[in-house]
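Chemist: what shape does this take:
(chains A, B, C and D)
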Protein chains: 2
Amino acid sequence: MTAQQFGAPAGTRPGRRRPTIKDVAAVAGVSRGTVSRVLNGGTNVSPSAMDAVNRAIERTGYVLNRNARSLVTQRAWSVAFVLAEPQERFFEDPNFSTLLRGCTAELGKHDIPLLLATAGTQEERGRVVRFLGSGHVDGVLLVSTHAGNPLLEELSRGDLPVVACGRPMGHERRVAYVAADDREGARDVVRYLRERGRRRVATITGPLDTPGGVQRLEGYRDVVGSDGPDLVAHGDYTQRSGEEAMRQLLERAPDLDAVFVASDLMALGALTALRRAGRRVPEDVAVAGFDDAPIAVGAEPPLTTVRQPMERISAELVRLLMARIAGEEPSAVILPTELVVRRSA
Amino acid sequence: MTAQQFGAPAGTRPGRRRPTIKDVAAVAGVSRGTVSRVLNGGTNVSPSAMDAVNRAIERTGYVLNRNARSLVTQRAWSVAFVLAEPQERFFEDPNFSTLLRGCTAELGKHDIPLLLATAGTQEERGRVVRFLGSGHVDGVLLVSTHAGNPLLEELSRGDLPVVACGRPMGHERRVAYVAADDREGARDVVRYLRERGRRRVATITGPLDTPGGVQRLEGYRDVVGSDGPDLVAHGDYTQRSGEEAMRQLLERAPDLDAVFVASDLMALGALTALRRAGRRVPEDVAVAGFDDAPIAVGAEPPLTTVRQPMERISAELVRLLMARIAGEEPSAVILPTELVVRRSA
DNA sequence: CTGAAAGCGCTTACAG
DNA sequence: CTGAAAGCGCTTACAG
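Modeler: Reported below is the predicted structural model:
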């Protein structure tokens, strides 16, 4: 019996038919059932059968057809990474790539492929919902910063396991999530600024419909109190918004001597505004960011910032998702941040 | 006959069994074959049958099971986006996210999911090769800048359609690719610098085992000639390397009055070095980058640069891959760049 | 511990 | 234009 006997499947070179479980069984001298058992952990197979099958797999170059497996197990053995941002902003954000890389690597260890999907536009969202609903993935890693994202609503209603990156505002009870301890991180850095003798500490927040926007502001207020509303300006996490917010702050409170910015990217913008205004950093104004993005090191001067443990966040996201898929209830993981002192403050 | 009669598949709520082609057929009053035909374009089905099926699909909420389809068609209906970089560098690179976003969106239009895989470490590469070899994707979009990447070798040997982003050095004949016209782009910007009266134009190249490293240097030489080797320094596309290269250039050629840097990220580093050296940009030294990355706008001063048409690159990558999957021969697409003038030069 | 057999949800010649 | 039927490559009770 040669491979030629079988028709070559479309798209494959003739004579190169991929071996199936049947071929392995024939070579090993066992039944297909037995082969399948060793493929699935080897419970209830004798050492000798196990051995024969493994050798046969080796010899035939067999590789499992996941479609066939998925068809019967009703599991996709893959997960989706969904970026539910209305803007293209997130792709500019260094946190995004870090997270994506971390999750890809982490899932790779479990031999689970990551399907990337973006749901920026209305149209994309429809496609994504349809896709996710059609059983192609066992679960989804959801990145969506803004509160009230319709995708989060739709997903949390279905029975597809979801774990969110960052607190899913308004859905904390129903969807699992992992987040850095934004509030505590903000507290740390603002406390640090005060300890270094800064008296007029301003802040540039993220959007107030995002957890990072809200919580980092709360942390700031925990230390500074809520007096001096002139010391608070808002950005949208873009570099440009940081620059503009800093300009406003300097106008409203020319005597400020420090600023805590809710992201490194915005802090970069703030540095530009300060430079334009002729303020020296850190001599005149100390600047601290949040994230410890790669750009923090390259900034001039290098940024003092709050490090989010992105590797651990990725790992926990994947761990939680696997747990959800296995049937566990939603849970939350809050990870500690770390103050990283460089030259800017 | 209620849904309850069937056992609920694992992981699904009881009573929520997903409708299959059989249910649709029953509701429409046709055979499963007919349903399948309308699902696959509707050739050879009467208008009335077509109608009945479509209504039945609507009514039952039917959604196709791709695993079942793939099992018989031997096609995965998905493609992989493989990042074959030894370093984590590429995730820092703004081009990467832009490309990834573009391809995701473009594939989305064809309703084809993108599987993201990284092959940075030896271990990951093994996993990726195994994965790609197991028929889970119909083709791969390969991003690998360095020549002699073992993954490119392995993939171009197999019969899986591959299209590379950027010239696959040493494999131009065997693998399809799309790239920006690096050489022409470099020529344009260097010519521009000369026209603006700059006489001592230096360059900072990318690694010389990458197409961007080689070709942008060639473009520079096309205009400047190959004299003055003291005006050429090499970087590795990181910001830090750009800073260091600029430092070296200033030491070797203190009289330089312009520098063409092979990437915006490195140009950022060059700006830092120039600032430290007390040179004004563009008054003392004009600086031009390459890419027109998002950071180019935020730089101080904003960067004059060469724009790579990333949207078109993504679209062409996907188009070429689809063509390859459909059986067409490998081909190459070279896309024109565009000079973007800002304040730095 | 093992094999024979049913079945996962589709597609596609084949006959009509 | 349509239906009956085989088959894609696996897993998993069921009997032994």
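
Chemist: contacts and neighbour counts: CA atoms only from here.
Modeler: Noted.

Chemist: neighbours of residue A:246, how many?
Modeler: By the criterion of other C-alpha atoms under 10 Å in any protein chain shown, residue A:246 has 30 neighbours.

Chemist: quick check: it touching residue A:273?
Modeler: Yes - under the criterion of C-alpha atoms under 8 Å, residue A:246 makes contact with residue A:273 at 6.1 Å.

Chemist: need the distance between the two termini of stretch A:248-258.
Modeler: As for stretch A:248-258, its first-to-last residue distance stands at 14 Å under the measure C-alpha to C-alpha, to the nearest Å.

Chemist: buried residues of it, list them for me.
Modeler: Buried positions in stretch A:248-258, judged by neighbour count with 16 or more other C-alpha atoms under 10 Å in any protein chain shown: A:248, A:249, A:250, A:256, A:257, A:258.

Chemist: residue A:82 and residue A:120, how far apart?
Modeler: Per C-alpha to C-alpha, residue A:82 is found 10 Å from residue A:120.

Chemist: okay, the two: which has more neighbours?
Modeler: Here residue A:82 and residue A:120 are compared on neighbour count by other C-alpha under 10 Å; more neighbours surround residue A:82, at 23 against 16.

Chemist: what about residue A:48, how many neighbours?
Modeler: Per other C-alpha under 10 Å, the neighbour tally for residue A:48 reads 9.

Chemist: name the element it belongs to?
Modeler: Taking DSSP states H and E as the criterion, residue A:48 maps to helix A:47-60.

Chemist: just residue A:302 next, same as before
Modeler: Secondary-structure element containing residue A:302, defined by DSSP H and E: none, the residue being outside all helices and strands.

Chemist: what residues does chain A put near DNA strand D?
Modeler: A:18-22, A:32-37, A:39-40, A:62-66, A:68-69, A:71-73 (C-alpha under 7 Å from any atom of the strand).

Chemist: make a ChimeraX selection of the buried ones in those residues.
Modeler: Buried members of the residues of chain A next to DNA strand D can be picked out in ChimeraX with the line below, counting by 16+ other C-alpha under 10 Å:
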select /A:18,19,20,21,32,34,35,36,39,62,63,64,65,66,71
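
Chemist: among the residues of chain A next to DNA strand D, which are in strands?
Modeler: The members of these all map outside strands under DSSP state E.

Chemist: for DNA strand C, tell me which of the residues of chain A next to DNA strand D show up nearby.
Modeler: A:32, A:33, A:34, A:68, A:69, A:71, A:72.

Chemist: number of residues surrounding the residue in the stretch 201-345 of chain A positioned nearest to DNA strand D?
Modeler: Evaluated by C-alpha to the nearest atom of the strand, the stretch 201-345 of chain A has residue A:326 as its residue closest to DNA strand D, separated by 13.6 Å. Neighbour count of residue A:326, defined by other C-alpha under 10 Å: 12.

Chemist: for residue A:140, same thing?
Modeler: 25.

Chemist: restrict the helix or strand encompassing it to CA atoms and write it as CSV.
Modeler: Secondary structure assignment for residue A:140, by DSSP H and E: strand A:139-143. Backbone C-alpha positions of strand A:139-143 (Å, rounded to 0.1, in the frame of the first residue of the first chain) are rendered in CSV as follows:
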residue,chain,number,x,y,z
GLY,A,139,-12.0,31.8,25.1
VAL,A,140,-11.0,35.4,24.7
LEU,A,141,-8.5,37.7,26.1
LEU,A,142,-10.1,41.1,25.9
VAL,A,143,-8.3,44.4,25.8
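
Chemist: ok, the next helix or strand after that strand near chain B or not?
Modeler: Downstream of strand A:139-143, the next assigned helix or strand under DSSP H and E is helix A:150-157. No - between helix A:150-157 and chain B, judged by C-alpha under 8 Å from any C-alpha of the partner chain, nothing touches; the nearest distance is 12.8 Å.

Chemist: what separates helix A:150-157 from the chain centre, distance-wise?
Modeler: Remark: helix A:150-157 is offset 18 Å from the chain centroid, using C-alpha atoms, centre = their mean, to the nearest Å.

Chemist: equivalent analysis for stretch A:66-83, please.
Modeler: Taking C-alpha atoms, centre = their mean, one finds stretch A:66-83 lying 20 Å from the centre of the chain it belongs to.

Chemist: tell me the contacts of residue A:300?
Modeler: By C-alpha atoms under 8 Å, 6 or more residues apart in numbering or on different chains, residue A:300 lies in contact with A:271, B:272.

Chemist: name the nearest residue to residue A:242, ignoring sequence neighbours.
Modeler: The spatially closest residue to residue A:242, leaving aside those adjacent along the chain, is residue A:266, at 4.0 Å (C-alpha to C-alpha, 6 or more residues apart in numbering or on different chains).

Chemist: can you pull the contacts of that neighbour?
Modeler: For residue A:266, the set of contacting residues under the criterion of C-alpha under 8 Å, 6+ apart consists of A:235, A:237, A:238, A:239, A:240, A:241, A:242, A:243, A:289.

Chemist: want to throw those residues into TSV with neighbour count, pLDDT and secondary structure?
Modeler: Output for the contacts of residue A:266, formatted as TSV (neighbours: other C-alpha atoms under 10 Å in any protein chain shown; pLDDT from 0 to 100; DSSP: H, G, I helix; E, B strand; the rest coil):
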residue	neighbour count	pLDDT	secondary structure
A:235	23	96	coil
A:237	26	89	coil
A:238	21	87	coil
A:239	26	87	helix
A:240	21	89	helix
A:241	21	94	helix
A:242	31	96	helix
A:243	25	95	helix
A:289	31	98	coil
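
Chemist: need the max-distance pair from the residues you listed.
Modeler: A:240 and A:289 (14.8 Å; C-alpha to C-alpha).

Chemist: can I get the contacts of residue A:266 in TSV with distance to DNA strand C?
Modeler: Compiled in TSV, these are given as follows (distance: C-alpha to the nearest atom of the strand, whole Å):
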residue	distance to DNA strand C
A:235	47
A:237	43
A:238	44
A:239	47
A:240	49
A:241	48
A:242	50
A:243	53
A:289	51
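
Chemist: okay, which residue is most central for chain A?
Modeler: Taking C-alpha atoms, centre = their mean, the centroid of chain A lies closest to residue A:99, which sits 3.9 Å from it.

Chemist: that one sits in which helix or strand?
Modeler: The secondary structure element spanning residue A:99 is helix A:94-109 (assigned by DSSP H and E).

Chemist: what number of residues are in the vicinity of residue A:59?
Modeler: 12.

Chemist: what does residue A:166 give?
Modeler: Other residues lying near residue A:166 total 25 when counted by other C-alpha under 10 Å.

Chemist: residues touching it, list them.
Modeler: Residues touching residue A:166, when contacts are defined by C-alpha under 8 Å, 6+ apart, comprise A:143, A:144, A:145, A:177, A:178, A:179, A:180, A:211.

Chemist: who does the helix or strand following the helix holding residue A:99 touch, helix- and strand-wise?
Modeler: Moving toward the C-terminus from helix A:94-109, the first helix or strand encountered (DSSP H and E) is strand A:114-118. For strand A:114-118, the contact count by 3 or more C-alpha pairs under 8 Å, 6 or more residues apart in numbering or on different chains; DSSP states H and E identifies strand A:79-83, helix A:122-133, helix B:94-109, strand B:114-118 as packing neighbours.
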